[in-house]
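Asks: task: produce atomic coordinates for the following.
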Amino acid sequence: MTSYAHTISLTDEQYQRALIDSTQQIRLARLLRKVQNKEPITYGAIGGSITAGAHAQPDQAYAPLLGKWLNEQTPTQFINAGIGASNSLFGTFRVAKDLLCHQPDLITVEFAVNDANNPNIEPAFEALIRQCLAIPNLPLVVLIFTMRRDGHNVQHIHIPIGKHYDVPMLSYRDALYPLITEGKLTWEDLSPDEVHPNDAGHHYIFQLLKRYLQTPINGDIATRNTPDLPAFLDARTSQHIGQVLDATQLKCVSNSGWQQGPHKGGYTGWQTNNVGAMLTLQFTGKLAYIGYQKYAGDFGQVQVTLDDKPVSILDGFYEKPIIQEWAGGHTVVDLLACDMPNQTHTLTLELLNQTHPDSRGHAFDLGYLLVS
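Replies: Next comes the predicted model:
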């Protein structure tokens, strides 16, 4: 079947459904002036597996398509900071290292599907957007709202944050889901699974972004001063601006039975499958999350102790739904503690003998801490 999304153009009606524009277009005007003057620019994309390009052919995902198109207009460096099965909670702690250090002129943010699994979505997403807007070269930040098969996403939570910071937003869901409900388009035209766009779906997202970047605009707007950032929406937001600390950065106080090794996303973690293995680490901060791998296989459980007090038992086994083929392998991020004294804290992990009833072993993979 020929993809519907490739056989029609993006219509004005679809585009207007998708667009929630900024009330002031200073950042857009500055970007377009750079493009028109053939100045080198940097485009960075941050998001989950959709941004990383899952289920798209090489270079056919929306982000590289946009990077290629921009490079045809002016020399463009493209940075893809998409990591599969990640949300804006992880994003806000890693964005400085993974993306903002490159001083992008344009940033796209895509977490409308994965943030459904983010228990701290409001402060995390706000912290991410605020950091992107605050870097010295004042980039244009565009939010993208993708969807699941049932049309669900969390744009109803992202949109108020986007409006508070007055950033443009494009809803792939609002553009296309009405066509699915009207029978003019099937989900299979856009995706091979429950979430990820195929080449046609990615091309459609690219068309939305391209059209926005072709918005007619008065060039004089580029000379106006960029407004200061507004006050925080959420009192917790400031605590969600921090850093990712992996095994190469955490101080190891003692170790019995754990080994350092690669973790997802290019990080170095700590791994073990030895029951009774103990690992004690130290970090400094007032808030901390712990990231560890979950997989529907031979994964076990660890007892977590923070400053000599038991905090939780983490289970590395992923209990997937019966109808779901995906077996995990993703990094789960759990809160360790918040509102702690801003001082050195001691974290201990002990691999337990107990496991999930369906687990076949005791492996455990600690990825990193998110600390502020």
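Asks: center of the protein - which residue?
Replies: The C-alpha lying nearest the average C-alpha coordinate of the chain belongs to G47 (CA atoms, centre = their mean; 3.4 Å).
Asks: just grab the bridge partners of it for me.
Replies: Applying DSSP bridges to G47 yields these beta-bridge partners: G82, E110.
Asks: what's the closest residue in space to S256 that isn't next to it in sequence sitting at in phi/psi?
Replies: Counting by CB to CB, 6 or more residues apart in numbering, M278 is the residue found nearest to S256 once chain neighbours are left out, at 4.8 Å. C-betas here are computed from N, CA, C, even on glycine. In this entry, M278 is assigned phi and psi values of phi -120, psi 140 (degrees, to the nearest 10).
Asks: can you get me a residue count around M278?
Replies: The burial count assigned to M278 is 18, neighbours taken as other CB atoms under 10 Å.
Asks: quick check, pLDDT for it.
Replies: Confidence at M278, expressed as pLDDT, is 99.
Asks: now swap in K320 and tell me
Replies: With respect to pLDDT, K320 scores 74.
Asks: same check, this time on Q303
Replies: Confidence score, pLDDT, at Q303: 99.
Asks: now the closest residue to it other than its chain neighbours: which helix or strand?
Replies: Nearest residue to Q303 in three dimensions, chain neighbours excluded: E350, at 4.7 Å (CB to CB, 6+ apart). Secondary-structure element containing E350, defined by DSSP states H and E: strand 343-351.
Asks: got the domain ranges for the protein?
Replies: Each structural domain of the chain that the record assigns through automatic domain parsing is listed here as a residue range: 4-238, 242-371.
Asks: neighbours of the residue nearest to Q303, how many?
Replies: Close neighbours of E350, defined as other CB under 10 Å, add up to 19.
Asks: what residues does stretch 283-290 touch?
Replies: 89, 93, 239-240, 242, 245, 250-251, 304, 306, 314, 333-345, 347, 366, 368-372 (CB atoms under 8 Å, 6 or more residues apart in numbering).
Asks: and V333, what are its bridge partners?
Replies: Beta-bridge partners, per DSSP bridges, of V333: G291.
Asks: okay, it: pLDDT?
Replies: Confidence for V333, expressed as pLDDT, is 96.
Asks: begin at 44 from here
Replies: Shifting the count to begin at 44 puts that one at V376.
Asks: I'd assumed V414 was in contact with it.
Replies: No - with contacts counted by CB atoms under 8 Å, V376 stays clear of V414, the gap being 11.9 Å.
Asks: Q120 belongs to a strand?
Replies: Yes - secondary structure of Q120 (DSSP: H, G, I helix; E, B strand; the rest coil): part of a strand.
Asks: can you report how many residues neighbour it?
Replies: A count of neighbours around Q120, defined by other CB under 10 Å, yields 16.
Asks: need the nearest residue in space to F249, chain neighbours excluded.
Replies: Nearest residue to F249, sequence neighbours excluded (CB to CB, 6+ apart): L108, at 4.1 Å.
Asks: what pLDDT does the one you found get?
Replies: Turning to L108, the model gives it a pLDDT of 97.
Asks: element containing it?
Replies: L108 belongs to helix 105-116 when assigned by DSSP H and E.
Asks: on that earlier part again, what's the residue nearest to the centre of the chain in contact with, if anything?
Replies: A124, G125, G134, T151, V152, E153, F154, N157, I187.
Asks: save those as TSV, and put in neighbour count too.
Replies: Compiled in TSV, the contacts of G90 are given as follows (neighbours: other CB atoms under 10 Å):
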residue	neighbour count
A124	24
G125	21
G134	30
T151	24
V152	28
E153	28
F154	31
N157	27
I187	26
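Asks: rebuild those as JSON lines, extending it with pLDDT and distance to Y58.
Replies: Formatted as JSON lines, those follow (pLDDT from 0 to 100; distance: CB to CB, whole Å):
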{"residue": "A124", "pLDDT": "98", "distance to Y58": "26"}
{"residue": "G125", "pLDDT": "98", "distance to Y58": "24"}
{"residue": "G134", "pLDDT": "98", "distance to Y58": "27"}
{"residue": "T151", "pLDDT": "99", "distance to Y58": "16"}
{"residue": "V152", "pLDDT": "99", "distance to Y58": "19"}
{"residue": "E153", "pLDDT": "99", "distance to Y58": "18"}
{"residue": "F154", "pLDDT": "99", "distance to Y58": "22"}
{"residue": "N157", "pLDDT": "97", "distance to Y58": "25"}
{"residue": "I187", "pLDDT": "99", "distance to Y58": "14"}
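Asks: from those residues, pick the one nearest A167.
Replies: For A167, the closest of those turns out to be G134, at 7.4 Å, with distances computed as CB to CB.
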